[in-house]
Each structure stands twice: as C-alpha cells, then as structure tokens.
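Visitor: Below are the sequence and a predicted model; questions follow.
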Amino acid sequence: MDIAELYELAEILRNRILEVVSHNGGHLSSSLGAVDIIVAMHYVFGKKHNPFIFDVSHQAYAHKLLSGRFEEFDTLRCFGGISGFCNPKESDADYFIAGHSSTSISLGVGVAKAYKLEGKNGLPVVLIGDGSMSAGLTYEALNELGDRKYPMVIILNDNEMSIARPIGAISKHLSHLISHPMYQSFRNFTKKFLEKMPDSASYLAKRVEESFKLITPGILFEEMGISYIGPIDGHKLEELVFCLKRAREMERPVVVHVQTIKGKGYKIAEGPYEKWHGVGAFDLETGLPLKKPSQLKPPTEVYSNTLFELAKSDKKVVGITAAMPGGVGLGKLMDLYPDRFWDAGIAEQHCVTSMAAMAKEGFIPFVSIYSTFLQRAFDQIIHDVGILALPVRFSIDRAGIVGEDGETHQGLFDIAYLRIIPNFTLFAPRDNATLIEAVNFAYGFSKSPCAYRYPRGSFVLDTLESVSYPPSAFAMGKCEVLKQGKEILLIGYGNGVGRAHLVQRELELLGFAPSLVDLRFVKPLDREIIHIVEEHSIAFVFSDSYKQGGVASAISELLNECGVCKPIVSFELDCGFVPHGSVADIEKHLGIDSASLISRTIEVLDKYGITHSAESKSS
C-alpha cells in the first residue's frame, strides 16, 4: 500500500472498532488513538520475525483486525468470542497475554536474549502506553536493556501529551534529523573520536552534546543507554513509517516517542476523558449509553460516600489508588482533599508501602485497589505491612467475577493470598448496607492490617426484592445467623450470602428448613461456627472465590483441628482461569447461577439421603 491507502485502511479499522465497541462495550479511546501506530507497525515490521508486544493490550484492537480477526471481531468480549486483550491462545499473532500493565519491555528483553542465543534474525517491537511507564517493572527492564544494548524498538504511545508538551514543537522538528542514518553515523564517529581526545576537550564536547539532548524529552532514555526518537505525530502515517524504518535499521534499543489523541476519529471521545477509556454499549450518534443506569447504587459509590464522611470528620483518614481513581471511587475525595488522597499511577507496590509508612506515623490509610491489581503488591503486603502488623486498610473492589475483561481481571485470588499472611484480618459485607458497616469497622480497627472485599456491579442481595436482613455493626471475628433452621446449613461469605439466600428460598419451597449464616469473617473464624456445623447434617459454602485456600477450606481446617467430622460442600470455583463474557454467561458456565446452585444442592442432598419431612415443612 502507499501512504494514501494506509490512511484509508486506518479509517476502515476505526469504523470497525466503533461499530463493535458501541454494541459490545470495551476499551474505546485508547484503541482508537493507537490505530495509526499499529498500521505503521504492520507496514514496517513483519510480525513473524519481529514479535509485537502490547502494553497494555486493550489498545491492540487494530492489531486483532489486521491479523485475521476482522469478521470475528463482532464477538469481542462475548463468551466464546475473542478477548479484549492479546492472548496467544486466541491467535499466534498475539505474542503474549497482557491484561495488566508494564510487562512489555521486560518481555522484549527476554525475546532479544533468546534471539541472540539462537542466532535468529528479527527484533521485538513493543508498544507501551505512557500510563504503563509509571510502574517499576518498566524501569527494571529499561535498566538492563540500556546496559546490554539488545536490539529492540519501543514505541511510547504518549496519548496524554504529558511528556513533551512544553517543548514538542522543537523536538518534532528534530525528529527526522536525529532518526536519520547520517546523524546516527556522525554521533558514533564523534563518540569514538572523543575517546582519543585529551580530557578537557572531551569534557567540553560531551557537554555540548548533553546540551543538545536537553531540547528533547528523551534525556532519560539516553542517559540509560537507549536511543531516542521523537516526539512525532502519531496520526501522520508518513512520519510514523519513516521513523520506524530508521529505528529498525539502528540495531540497538530505540524508544520512538509518539504523541496520539485518545479517541482519535470519534469527536465525542477525543481527549483525555476517563469515561471513554472503558465503555458499555452506546449510541454512536450521541455517545449516550444504551443501557439504562441501575437504580441501585454500585458498591464502589457506597464505599466512596462512606469514606468521604469519615474523611470529612477525621483529618487522619488518607487514601491512595493505583491509576484508577474513578474506578475505585476516590475521584471525589482527591478533588476535595488533594493533600490526603492520591493517585500514584500504575504503582501498586508503591501504594502499599507508602501507606505502611503513613500507618506507622499514626494516620488511617485506606488502599483502594481492584482485587486483580492488588496481586501486583503481594510482597509489599507481606514484608511492609504484615510483618509489623501495621493497620493499613485494604478496600478490595471488583472481587469475584468481573465479566468481559476475562481471565487477567477476575477478582478470585484475594481470599487465598491474604488468608495465609499472619496478622491480617479478613471480612466481607453481604450488601450495600453492611458495606457501610465494613468501612466503619475498618476505620476503627487499629490493631493490625485488615482487608474487605466487594463485587463489581451489585451485591446479589441488593438485586432481590423483599429481602430484609437488617444491617448490624461488625464485631471482631463474629458471624451472624440470619435464619435458624434444621439439618441443612448454608454459609455465605460476602456476595456469597446472596447466592446462599437464593438456594435457601428454593429449598424452603421444597419443604426443607435450612439455616443461613453470614460468616462475615474468614480470618479469624468465629469458633461458634464449630457448634453451628455440629447442629446440622451438612453444610454448603458460598463465596465468589476459588476453593483452594478459600472459605470452605478455612472452615474445614478449623473443624479438623477440633475433631469435628461433618460434610462441607463448597460451591466456590474449581481451579482454572475464568474466561471472558457477560457475568450472567460466566456464572452459568461455572455453575454458580441460581438455577445451577439449586440443582447442585438438590443433587448433593439426594446423594446423602437428606429429604424434607413434615416437621421441616411446618417449621
């Protein structure tokens, strides 16, 4: 294709992305902004010998369209369809899975090492968003890359123009100059020449070169030993193609700094608007969402409002998040209290450790992070918080099934990986009303670190009519009996209480009289649960988590220690990564939708010969 045809192709890709995302939802503005870069990548590099590594790969929709998935693209993020992220299990064109950020340059270093050892031609091509540059892993990889000098092309997609705005005009004019082979050849000659000069002349010449570098924003990369080109206009394909070709020929690590506009090609979404980053289905003409907003307050909003009231009355309350202020509900608090609530960027490790220090200084820190992203700070949770038992409060959003974002984002590990850490207290609310109580309990809990979890969207209990379990304050390590029955015990934890309630309701219609318990705390467990289990023939456990290291496992361990032998049936998830799709489709696939849970419960009761009786009916 010639350049004019490449522009036509880019327009086709943008229209296809808009068509599908407006219907299915997905990551819109980042993908639209990266279309021209990806077209240029496919034009300049052969992906067979130059693997494309995307960071984060929610901006890779155009790559999917150019690598055999154009027609299939309308299944984006649907159950059984294509993923919203790169995934080698879906296509050989996707080199690596990438749902979390800042892994790309590290992966590229690994590819470059392997190619050198095997004598392969080609080089890794990395596309990294500037948000991903805020995480430490990026700099760990750049540090080694600058030392080893492996050939690699790193395209920095600066879609906020945050790096080069003050001096962009000068740097743009110089981009063609510094990417030209003549300049690079002259520079190498100069360096070799300076090595033979007296110290004074060498020093003066090097200072002149450093002064020249200061007029570009690439001094950081240059000082790390990595060549720099840019910034260039990321929507001018002729510039992109020219600079990428030059970078390919340099045979060393090169950063190509590209400025793009988020939402490019769809005027309503153009610009640094967080609301257009990830969207649900919307009307293309107006940009308005197609789905009517729920009348229920999402748990994130309830958390935000409760924390706001605490922060308003106590100046010691502080909070932090990792690049998701809107997603975790800290946006309002950051606006009102900018000196006490912070967005640290994609830096979960730093978030946790910095709040450990604030807890030591007598503040009341709340760390607000999605369950899937909190995994990135596992060592800091153990080493910087757990060992000293510092009272950091972890508010874990998006716990459980998250749906369309799929296997890289499901919030299913936090119970297991936090339960093993000494000094931690773990608890969970069952609905919005008890979420308020959970936040208040965390605020007043200064003995050690604690963590509580809540789901995306809505609690199951809050979606049901005529359900009334009045909220009560959390008491350390105490469960709550919501309904006293016989023979069958249903134990729910967090959102699992709602699932247990649905089963209880159906069992009562069949003549059974099950008990229902809200466990509330999974660490420490209420030892009263031992006696409650002993009073029943069988217990079923409901929690949006994995079985391994989960809630039923904790209960079984306690019963075993006490010599209590009763069947405990877990309706938590079996080991395996959970695919993408709507929450309803995923729940049905996993057998945790209400119909499946009821059917599975009846099956188990039949297996154990437990049937309802006249006495059960009357009670």
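Guide: The structure has been received and is ready for your questions.

Visitor: shaky segments in the chain?
Guide: Where the chain drops to pLDDT under 70, the residues are 47, 130, 160-217, 613-619.

Visitor: And the residue nearest the centre of it?
Guide: F373 (4.7 Å; Cα atoms, centre = their mean).

Visitor: how much space is there between it and D379?
Guide: 14 Å (Cβ to Cβ, to the nearest Å). In short, each C-beta sits where N, CA and C put it, glycine included.

Visitor: circling back: just checking, what packs against the one helix or strand the residue nearest to the centre of the chain maps to?
Guide: For F373, the element it lies in under DSSP states H and E is helix 371-374. In terms of contacts (3 or more Cβ pairs under 8 Å, 6 or more residues apart in numbering; DSSP states H and E), helix 371-374 is packed against strand 393-397.

Visitor: residue ranges for the helices of the stretch 51-200 of the chain, please.
Guide: Taking DSSP state H, counting those that start in this stretch as the criterion, the stretch 51-200 of the chain carries its helices at 61-66, 104-118, 136-148, 168-179, 181-195, 199-213.

Visitor: er, the stretch 451-600 of the chain actually
Guide: Counting by DSSP H, counting those that start in this stretch, the helices of the stretch 451-600 of the chain are 496-509, 528-534, 551-561, 583-590, 594-607.

Visitor: Mind listing what's buried along the first one?
Guide: So the one you mean is helix 496-509. Neighbour counts over helix 496-509 (16 or more other Cβ atoms under 10 Å) mark 496-504, 506-508 as buried.

Visitor: and the residues you listed as a markdown table, adding distance to F577?
Guide: Converted to a markdown table, the buried residues of helix 496-509 look like this (distance: Cβ to Cβ, whole Å):
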| residue | distance to F577 |
| --- | --- |
| G496 | 20 |
| V497 | 26 |
| G498 | 24 |
| R499 | 21 |
| A500 | 25 |
| H501 | 28 |
| L502 | 26 |
| V503 | 26 |
| Q504 | 30 |
| E506 | 30 |
| L507 | 32 |
| E508 | 36 |
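
Visitor: Tell me where the longest helix sits in the chain.
Guide: Ranked by number of residues, the top helix in the chain under DSSP state H is helix 3-24.

Visitor: What residues of that helix count as buried?
Guide: For helix 3-24, burial by neighbour count (16+ other Cβ under 10 Å) applies to 6-7, 9-10, 13-14, 16-18, 20-22, 24.

Visitor: any idea what sits nearest H63, other than its immediate chain neighbours?
Guide: I38 (5.1 Å; Cβ to Cβ, 6 or more residues apart in numbering).

Visitor: Around the one you found, count how many other residues there are.
Guide: Other residues near I38 number 27, with proximity taken as other Cβ atoms under 10 Å.

Visitor: and it, helix, strand or coil?
Guide: Three-state call for I38 (DSSP: H, G, I helix; E, B strand; the rest coil): helix.

Visitor: what separates the helix holding F373 from the chain centre, distance-wise?
Guide: Centre-to-centre, helix 371-374 and its host chain are 6 Å apart (Cα atoms, centre = their mean, to the nearest Å).

Visitor: buried set for stretch 83-98?
Guide: The neighbour-count check on stretch 83-98 (16+ other Cβ under 10 Å) flags 83-87, 90-91, 93-98 as buried.

Visitor: I should have written stretch 75-83 there, sorry.
Guide: By neighbour count with 16+ other Cβ under 10 Å, stretch 75-83 contains the buried residues 76-77, 79, 81-83.

Visitor: again with stretch 355-372
Guide: Residues 355-356, 358-359, 363-372 are the ones in stretch 355-372 that count as buried (16+ other Cβ under 10 Å).

Visitor: before we move on, what about stretch 124-143?
Guide: The neighbour-count check on stretch 124-143 (16+ other Cβ under 10 Å) flags 124-135, 137-138, 141-142 as buried.

Visitor: wait, the residue nearest to the centre of the chain sits on H100?
Guide: Yes - using Cβ atoms under 8 Å, F373 is in contact with H100, at 6.9 Å.

Visitor: Among the buried residues of stretch 83-98, pick out the one closest to T300, please.
Guide: G84 (20.5 Å; Cβ to Cβ).

Visitor: could you measure that closest one against M152, distance?
Guide: Distance from G84 to M152, by Cβ to Cβ: 26 Å.

Visitor: now swap in I602 and tell me
Guide: Noted for I602: a distance of 58 Å to M152, by Cβ to Cβ.

Visitor: neighbour-wise, which of the two wins?
Guide: Remark: of I602 and M152, M152 carries more neighbours, 26 against 16, as counted by other Cβ under 10 Å.

Visitor: ok now do the more buried one, which residues does it touch?
Guide: Listed by Cβ atoms under 8 Å, 6 or more residues apart in numbering, the contact set of M152 reads 105, 108-109, 112, 123-126, 145, 253-254.

Visitor: run the last query once more with 10 Å
Guide: 50, 53, 105, 108-109, 111-112, 115, 123-126, 141, 145, 226, 247, 252-255 (Cβ atoms under 10 Å, 6 or more residues apart in numbering).

Visitor: S227: how many residues sit nearby?
Guide: 21.

Visitor: which one is it nearest to, not counting chain neighbours?
Guide: In space, S227 comes closest to V254 once its chain neighbours are excluded; the distance is 4.5 Å by Cβ to Cβ, 6+ apart.

Visitor: Doesn't the one you found belong to a helix?
Guide: No - looking at V254 with three-state DSSP, it is strand, so not inside a helix.

Visitor: which ones are touching it?
Guide: Counted by Cβ under 10 Å, 6+ apart, V254 has contacts 123, 151-155, 179, 184, 221, 226-230, 243-244, 246-248.

Visitor: What distance do you get for it to A247?
Guide: 4 Å.

Visitor: Between the two, which contacts overlap?
Guide: Taking Cβ under 10 Å, 6+ apart as the criterion, V254 and A247 both touch 123, 151-155, 179, 227, 229-230.

Visitor: any chance of those residues in TSV, plus distance to E487?
Guide: Formatted as TSV, the shared contacts of V254 and A247 follow (distance: Cβ to Cβ, whole Å):
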residue	distance to E487
L123	67
P151	69
M152	65
V153	67
I154	63
I155	64
S179	76
S227	73
I229	73
G230	70
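
Visitor: Which members of the residues you listed occur in strands, if any?
Guide: 152-155, 227, 229-230 (DSSP state E).

Visitor: from those residues, which is closest to S596?
Guide: Distance to S596 across these (Cβ to Cβ) is lowest for I155, with 45.4 Å.
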